[in-house]
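A structural model of the following input is requested.
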Amino acid sequence: MLLKDERQIQGRSAGGRDAVILLADGDGANRERLASSLRRGGLVVHLVGSGVEALEAAESEQPDLILLDTRLPDTDGLHAIQELKANSATASIPIVALTSSLLRHERDQCLAAGAVRVLIKPVGIGELLEAVQAYLPSTPPGFTAQP
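Numbering: from 1, shown residues only. Now for the predicted structure:
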């Protein structure tokens with residue numbers, strides 16, 4: 001059963017497999033909350049809790065979208081975004097940065113480094129699913145919330 005702001009998303013990658021999201025967040029409770037909502041929405045979600053894990057998983061899993069906390073325990077998200085965009089194996093994967101910072105220059109730095117969007121924490125489920133729809137290449141256009 002979906003919550004009020006959740007939507008059913010049935011995504012396929014260009015290769016025909018289920019669409020995969022890599023969620024990197026240093027806060028375990030937040031990571032589980034977001035992953036649960038995405039999974040209820042019909043998506044495959046891989047979880048990691050550090051920058052090193054995010055870099056390794058992005059290269060090995062080749063997700064269709066990366067949701068990346070900018071404050072990871074072992075590296076800052078800005079550095080992780082730069083590393084992902086510098087690696088030819090991960091450069092084309094869209095990255096949505098998740099930040100608790102309200103400072104405009106920090107959000108601008110994430111975008112300049114290669115993030116396609118920056119969401120301010122705490123991220124609302126509706127806002128998260130809207131970003132997923134916008135940047136997950138296989139999300140069908142015009143999906144709607146399920147009753």
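
helix/strand/coil for the most centrally placed residue in the chain?
Geometric centre of the chain, nearest residue: residue 67, 1.8 Å, by C-alpha atoms, centre = their mean. Recorded secondary structure, residue 67: strand (DSSP: H, G, I helix; E, B strand; the rest coil).

distance check, residue 54 against residue 122.
Taking C-beta to C-beta, to the nearest Å as the measure, residue 54 falls 20 Å from residue 122. Every residue, glycine included, has its C-beta placed from N, CA and C.

touching, residue 73 and residue 53? I think so.
No - the criterion here is C-beta atoms under 8 Å, and residue 73 misses it with residue 53 at 9.9 Å.

the more surrounded of these two?
residue 53 (17 against 12; other C-beta atoms under 10 Å).

where along this structure do the helices fall?
28-40, 51-61, 77-86, 104-113, 125-135 (DSSP state H).

tell me which of these sits most buried.
helix 77-86 (a mean of 20; mean count of other C-beta atoms under 10 Å).

residues in contact with it?
Helix 77-86 is contacted by residues 24, 51, 54-55, 58, 66, 68-72, 90-91, 93, 95, 97-99, 106, 109-110, 113-115 when judged by C-beta atoms under 8 Å, 6 or more residues apart in numbering.
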